[in-house]
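# with the input below, show me the fold.
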Amino acid sequence: MQRNAGLYSFLLLTALLAALTSCTPTSEEIINEASNSSKDFLLGPEDVLDIVVWKNEDLSQKAVVVRPDGKISMPLIGEVQASGRTANQLATQIASRLKEYKDNPVVTVSVKEVNSYYVYVLGEVTKPGKYQLKSHATVLQAVAIASGFTNYAARNKMKVIRHVQGEDGTTREIRIPARYDDLISGTGDIGNFVLKTGDVVIVP
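Numbers count the residues shown, from 1 in each chain. Okay, the predicted model is just below:
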């Protein structure tokens, strides 16, 4: 019985190690994730939008706030998913839905207020905390917003924690190394990349 218990523990440990290994991102994945950071701005909850349907004031909407569930409401077509899309993608989606009621509708969406973009800067910075920003920020800009490093900061051990959603809908955590010397000099595989909303900059 004791031998079987030992074998079972060994197999369980092996399975756990295999699971952990499979969840660890490769260096290529980390580089790709950092390089993909500077995409167009994606809409999110609390962003305020102006939606114009050409030659139709009744369908046009001013100061539309993206709800916490990521959706907005439009006349005729009802709820439309806005969160996670660019303004142009949302305009295309609204126009596609309106084709049931209008011939060749022309829709434009402009962002009046950005309220969904925020990052965390934690650890050995002067003012750690959550920062809600009106435009994209890089790693170094985020540190500057937090009033810079303390005297005890391990600058070359900085990391950015990001949650990435996979194709199967599950979310996993990726830790992107952000060595200060590399960011300043422009060397290394990962440059001073743009942060995505919800990113956490850790300065040990």
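
# let me know the pLDDT of the nearest residue to E46 once chain neighbours are set aside.
With sequence-adjacent residues excluded and distances taken as C-beta to C-beta, 6 or more residues apart in numbering, E46 is closest to N115, at 3.8 Å. Bear in mind the C-beta positions are built from the backbone N, C-alpha and C, glycine included. We have a pLDDT of 95 for N115.

# next one: S22
At S22, pLDDT is 41.

# got it, and S27?
Confidence score, pLDDT, at S27: 65.

# just to revisit the earlier point, residues near the residue nearest to E46, how many?
16 (other C-beta atoms under 10 Å).

# so who does it touch?
G44, P45, E46, D47, V48, Q132 (C-beta atoms under 8 Å, 6 or more residues apart in numbering).

# Serialize those to TSV and add fields for neighbour count and distance to M74.
Compiled in TSV, the contacts of N115 are given as follows (neighbours: other C-beta atoms under 10 Å; distance: C-beta to C-beta, whole Å):
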residue	neighbour count	distance to M74
G44	20	18
P45	15	17
E46	15	18
D47	22	15
V48	16	15
Q132	12	27
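
# pick out the most distant pair among these.
The most widely separated members of the contacts of N115, counting by C-beta to C-beta, are V48 and Q132 (13.7 Å).

# now A87, nearest residue through space, not along the chain?
V109 (4.3 Å).

# got TSV for the contacts of N115, with secondary structure and pLDDT too?
Shown next, in TSV, are the contacts of N115 (DSSP: H, G, I helix; E, B strand; the rest coil; pLDDT from 0 to 100):
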residue	secondary structure	pLDDT
G44	coil	94
P45	coil	95
E46	coil	95
D47	coil	96
V48	strand	97
Q132	strand	95
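
# ok, the closest residue to L59 other than its chain neighbours to S147 distance?
Distances taken as C-beta to C-beta, 6+ apart place V53 nearest to L59, at 4.0 Å, with adjacent residues excluded. The gap separating V53 from S147 is 45 Å, by C-beta to C-beta, to the nearest Å.

# before we move on, what about I174?
Taken as C-beta to C-beta, the span from I174 to S147 is 27 Å.

# out of these two, which sits in the busier spot?
I174 (17 against 12).

# test my guess that that one contacts V164.
Yes. Using C-beta atoms under 8 Å, I174 is in contact with V164, at 5.4 Å.

# list the contacts of V164.
E33, T171, R172, E173, I174.

# ranges for the helices of this structure?
2-23, 27-35, 87-98, 139-145, 180-185 (DSSP state H).

# hey, C-alpha coordinates of the last one in CSV?
Extracted in CSV, the C-alpha atoms of helix 180-185 (Å, rounded to 0.1, in the frame of the first residue of the first chain):
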residue,chain,number,x,y,z
TYR,A,180,15.3,49.1,-17.4
ASP,A,181,18.8,49.2,-19.0
ASP,A,182,17.3,47.5,-22.2
LEU,A,183,14.4,49.9,-22.3
ILE,A,184,16.7,52.9,-22.0
SER,A,185,19.3,51.7,-24.5
